[in-house]
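Engineer: Give me the fold of what follows.
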Amino acid sequence: MPAFWEEPDFDNHEVVHFVKDRASGLTAIIALHSTHLGPGAGGTRFWHYADPAMAMRDALRLSRGMSYKNAMAGLPMGGGKAVILADAARAKTPAMLAAFGDAVEGLGGRYVTAEDVGVSEADMVAVSQRTRHVTGLPVASGGSAGGDPGPFTAYGIFLGVKAAVEQQLGKTSLEGVHVAVQGTGSVGGGLARLLAGEGARLTVADVDAARAAALAAELGGVVVPAEAIMDTACDVFSPNALGAVLDDAGIARLRAPIVAGGANNQLSRPHHGDALAARGILYAPDYVINAGGIIAVALEYLARESGQDCTVDTVRQRIEQIPGRLRDIWAQSASTGQSSDRVADAMAQALIGR
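Structural biologist: Prediction:
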């Protein structure tokens, strides 16, 4: 197997920290892509990887995405990400979380962690017993912006979808706009509720078929099998599950003029943004539209470190800047002929001094 620094997803990362704690059984990777703007901020993912090499790929790709996301959100934070390699049973113990907290503390504040897939508020509270470099905590445990970043992420995506619909379809209302939502967890489910509240027509899918069915019943939407959602004829395809769904096969299946969703690393490889553009599909770069959660937890952390308060209103006001950033990207894409993801990447790289 090639060395990780020879992999295409290695992008001059500053630190790739491998953690192995035999006593607790913890195996983790903490990747810091850039600390040019501040400490690397990004969540911790707890996931079972059938191929351990995929854990490194996730850490590298996700940390780079966080550098871009934080920069484009105007945050004084760099990009980092952690993955904890779960066993097949996804066993998670207090000792494992304590050992992970010690690993974060050992980086001396260069990495600030928070929730991600497979990690709960309670897990982050446990980690915070070993390091202060944790954010997204419930109010009772020192948080100030509401804890779970999922609803803030959903709010930002919702605003981004509205901006995309106006940009591509010329509609200022979501009434009757058909959105296919892939993934109905905290973010996808929250997004679906916001969309339904403004009259959007929904088709939903999830690997947890019962959860998708329950959401469809709640909102008056239609549920389809997880493997069929990308074939749905709709106005907006919104990926809100795991990444890399926009590959050659996935893009060929799309029957929507807009892709706007919260999943990280939606493009399987860089050229897939060009493939979307070639089909005339408007793409909302994932790390721009899904920045609501990191805005919330970063502002909370920065306020706590400076002894100030962070209110929900302050967070929402910052999230409400997301549509303007997307419109700037789309305008430059239209004027240069570059795909929207390449425009966003160039903007972000300039901000982090790359």
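Engineer: Tell me where the stretch 101-250 of the chain has helices.
Structural biologist: Assigned by DSSP state H, counting those that start in this stretch, the helices in the stretch 101-250 of the chain fall at 121-128, 150-169, 186-197, 209-219, 248-253.
Engineer: For the closest residue to V165 other than its chain neighbours, give me phi and psi.
Structural biologist: Nearest residue to V165, sequence neighbours excluded (C-beta to C-beta, 6 or more residues apart in numbering): K171, at 5.2 Å. To be clear about C-beta, it is placed using only N, CA and C from the backbone, and glycine gets the same treatment. K171 has phi and psi values of phi -110, psi 130 when expressed as degrees, to the nearest 10.
Engineer: Counting neighbours, what do you get for K171?
Structural biologist: The burial count assigned to K171 is 14, neighbours taken as other C-beta atoms under 10 Å.
Engineer: same thing with V139?
Structural biologist: V139, neighbours per other C-beta under 10 Å, totals 10.
Engineer: On the pLDDT front, check it for me.
Structural biologist: Per-residue confidence (pLDDT) for V139: 72.
Engineer: ok, now how distant is it from Y301?
Structural biologist: 14 Å (C-beta to C-beta, to the nearest Å).
Engineer: Report the contact partners of the residue nearest to S24 when sequence neighbours are not counted.
Structural biologist: Closest residue to S24 apart from its sequence neighbours, by C-beta to C-beta, 6+ apart: A95 at 3.8 Å. A95 sits next to 23-26 when contact means C-beta atoms under 8 Å, 6 or more residues apart in numbering.
Engineer: Out of these, which end up buried?
Structural biologist: 24, 26 (16 or more other C-beta atoms under 10 Å).
Engineer: So which of the contacts of A95 are in strands?
Structural biologist: Judged by DSSP state E, the subset of those located in strands is L26.
Engineer: Could you dump the contacts of A95 into CSV and include pLDDT?
Structural biologist: Shown next, in CSV, are the contacts of A95 (pLDDT from 0 to 100):
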residue, pLDDT
A23, 97
S24, 97
G25, 96
L26, 97
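Engineer: returning to that earlier point: mind telling me what element the residue nearest to S24 is part of?
Structural biologist: For A95, the host element (DSSP states H and E) is helix 94-106.
Engineer: can you pull the buried residues of that helix?
Structural biologist: Buried positions in helix 94-106, judged by neighbour count with 16+ other C-beta under 10 Å: 96-105.
Engineer: Stretch 223-232 too?
Structural biologist: Residues 223-224, 226, 229-230, 232 are the ones in stretch 223-232 that count as buried (16+ other C-beta under 10 Å).
Engineer: Can you get me the start-to-end distance on it?
Structural biologist: 11 Å (C-alpha to C-alpha, to the nearest Å).
Engineer: Can you pull out the residues in contact with it?
Structural biologist: Contacts of stretch 223-232 (C-beta under 8 Å, 6+ apart): 180-182, 203-207, 209, 212-213, 215-216, 237, 245, 250, 253-256.
Engineer: mind listing what D123 touches?
Structural biologist: So D123 contacts 46, 92, 97, 115 (C-beta under 8 Å, 6+ apart).
Engineer: Just among these, which is most surrounded?
Structural biologist: E115 (27 neighbours).
Engineer: and the gap between that residue and Y287?
Structural biologist: Here the criterion is C-beta to C-beta. By it, E115 lies 17 Å from Y287.
Engineer: Distance-wise, check E175 relative to G188.
Structural biologist: On the measure of C-beta to C-beta, E175 and G188 end up 21 Å apart.
Engineer: of those two, who's got more company?
Structural biologist: G188 (29 against 10).
Engineer: That one is in contact with L219, isn't it?
Structural biologist: No: G188 is beyond contact range of L219, at 11.9 Å (criterion: C-beta atoms under 8 Å).
Engineer: Overlap in contacts, those two.
Structural biologist: Joint contacts of G188 and L219 (C-beta under 8 Å, 6+ apart) are V204.
Engineer: how near is the residue nearest to S24 to L26?
Structural biologist: A95 sits 8 Å away from L26 when distances are taken as C-beta to C-beta.
Engineer: Same check on V104?
Structural biologist: V104 sits at a distance of 12 Å from L26 (criterion: C-beta to C-beta).
Engineer: where along the protein do the strands fall?
Structural biologist: For the chain, the strands defined by DSSP E occupy 15-21, 26-34, 40-41, 44-47, 78-85, 111-112, 178-182, 201-205, 222-223, 236-239, 258-259, 282-283.
Engineer: Those strands: which one's closest to D274?
Structural biologist: The minimum distance between D274 and the strands of the chain falls on strand 282-283, with 10.2 Å, by C-beta to C-beta.
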